[in-house]
Each structure stands twice: as structure tokens, then as C-alpha cells.
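# my questions concern the predicted model and sequence given below.
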Amino acid sequence: MDITVKGRHIELSQALRDYAENKVGRVDKILENMIRGVEVELHAEKNPSIENNQVAEVTIHTKGHVIRAREAATDMFAAIDLVSEKLETQARKYKGKVVDRHNGNGRSRIPSPTPVDEFGAPEPGIVKIKSVELKPMSAEEAILQMEMLGHDFFVFAPAESEGVNVLYRRRDGDYGLIEPRVG
């Protein structure tokens, strides 16, 4: 498994690099040969009013999906511990759904949502532009991908039709699906 560890606004010691690789590497035992690459970014928030300013972010690229987790703590080693626990939970959930789907036990309807925290709305304005490759998938696969990324929406190409769909989490916790058409 290829693990890339990067540091931003911190001195990345060999001990810290080894610790991150060891903790995050445990996910490989859960996902076995499904992982294509892992990116670990460790950084310190510059704002002195943020108490938990040591942040660990991990992105795991699997065959067809991305699992992402972010945790913060007062100590970088603690942040790595927290993010690795979160990743292990997400990896088990992902593997269970993949195994169910391959064994014919996949759900035919959209699953019940997991509870999410409500965050305040960000300031208006475009602050980032992201280009993504759309892969054909079912709505159920899009929900799984959205949950693994920790997003409230997900743009995907539906496998059963042409075009682009947007899956989103509603305020009541259910999911909504937007199927745009030119009118």
C-alpha cells in the first residue's frame, strides 16, 4: 500500500511520519487489496484561537470510491489516533456494503441516513473550483460515496441513463435526487 505523508505549517519528523504510516496502514488489513493509494496531510491551523489546532486529514483511494476523514486535536499524535479510528469505522462500513453488493444482498432502495452535525452556512462566494471525473454508478453507490467523503451532496453520472444527477442530504435526514434536464 502506497502511503504519502505531507506536512503543512509543521516540521514533519521521521517519528511523526512513521507513526502516521503505521496508524493509517491498519486500514489496509480491513480493506485488503482494495486500496490504490493513501494521502495523509498533517498541518497546524494558524489561528491561535483554535484550541484543537493540530489537524490530520486522510484520503484513501479505493477501486471506484474515496474514503476521507479529518480530525483535530491539541497534539498531532492524538489527531492521528482520532483520524485512524474514524477511518477504520468508515472502512468496515464500506467493506460491508461492498461485500453485500457482491453477494447479492445489496439494498434495492436508498438506505436510511446516518445522523449528521449541522454547521453554519459559509460566507457566500466561490472559494474553490474542483474538476471531477464522473463515473457511472447507481444512486445507492452514490450514497455510499457521499457518506465516505462526508459531504452533504454528490454529483454523479447515473448508470441507468445519460446525463448528470445530484444526490443531496435533506434537512430531515433523508436523501434527495436532482435529475436535471434542459428545458
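Noted; the coordinates are in hand. The structure presented is a predicted model; accordingly, all values stated were derived computationally and were not measured. Numbering: from 1, shown residues only.

# report the distance from stretch 92-101 to the chain centre.
15 Å (CA atoms, centre = their mean, to the nearest Å).

# now do the strands in the protein.
3-8, 35-44, 54-62, 66-73, 136-137, 153-158, 165-169, 175-178 (DSSP state E).

# which one of those is the most hemmed in?
strand 54-62 (a mean of 21; mean count of other CB atoms under 10 Å). (C-beta placed from N, C-alpha, C; glycine too.)

# now do it, average pLDDT.
Averaged across strand 54-62, pLDDT comes to 91.

# name the helices or strands packed onto that strand?
On a contact count with 3 or more CB pairs under 8 Å, 6 or more residues apart in numbering; DSSP states H and E, strand 54-62 meets helix 27-31, strand 35-44, strand 66-73, helix 76-102.

# mind running it again at 10 Å?
strand 3-8, helix 14-25, helix 27-31, strand 35-44, strand 66-73, helix 76-102, helix 139-149 (3 or more CB pairs under 10 Å, 6 or more residues apart in numbering; DSSP states H and E).

# show me what counts as buried in the longest one.
Going by neighbour count (16 or more other CB atoms under 10 Å), the buried part of helix 76-102 is 76, 79-84, 86-88, 90-91, 94-95, 97-98.

# how distant is it from the center of its chain?
For helix 76-102, the distance to the chain centre is 10 Å (CA atoms, centre = their mean).

# for the last one, same thing?
Relative to the centre of its chain, helix 139-149 is centred 10 Å away, using CA atoms, centre = their mean.

# if you count contacts, what does that helix end up packed against?
strand 54-62, strand 66-73, helix 76-102, strand 136-137, strand 153-158, strand 165-169, strand 175-178.

# for these, which has the smallest mean pLDDT value?
Minimum mean pLDDT among these: helix 76-102, a mean of 85.

# tell me the angle it makes with strand 35-44.
Helix 76-102 and strand 35-44 are oriented at 150 degrees to each other (axes from the mean of the first three to the mean of the last three CA atoms, to 10 degrees).

# helices or strands up against helix 76-102?
Looks like helix 76-102 contacts helix 14-25, helix 27-31, strand 35-44, strand 54-62, strand 66-73, helix 139-149 (3+ CB pairs under 10 Å, 6+ apart).

# quick one, it and helix 14-25 angle?
Using the same axes, to 10 degrees: helix 76-102 against helix 14-25 is 20 degrees.

# make JSON lines out of the strands of the chain and add distance to V24.
Shown next, in JSON lines, are the strands of the chain (distance: least, CB to CB, whole Å):
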{"stretch": "strand 3-8", "distance to V24": "6"}
{"stretch": "strand 35-44", "distance to V24": "6"}
{"stretch": "strand 54-62", "distance to V24": "6"}
{"stretch": "strand 66-73", "distance to V24": "10"}
{"stretch": "strand 136-137", "distance to V24": "26"}
{"stretch": "strand 153-158", "distance to V24": "24"}
{"stretch": "strand 165-169", "distance to V24": "27"}
{"stretch": "strand 175-178", "distance to V24": "30"}
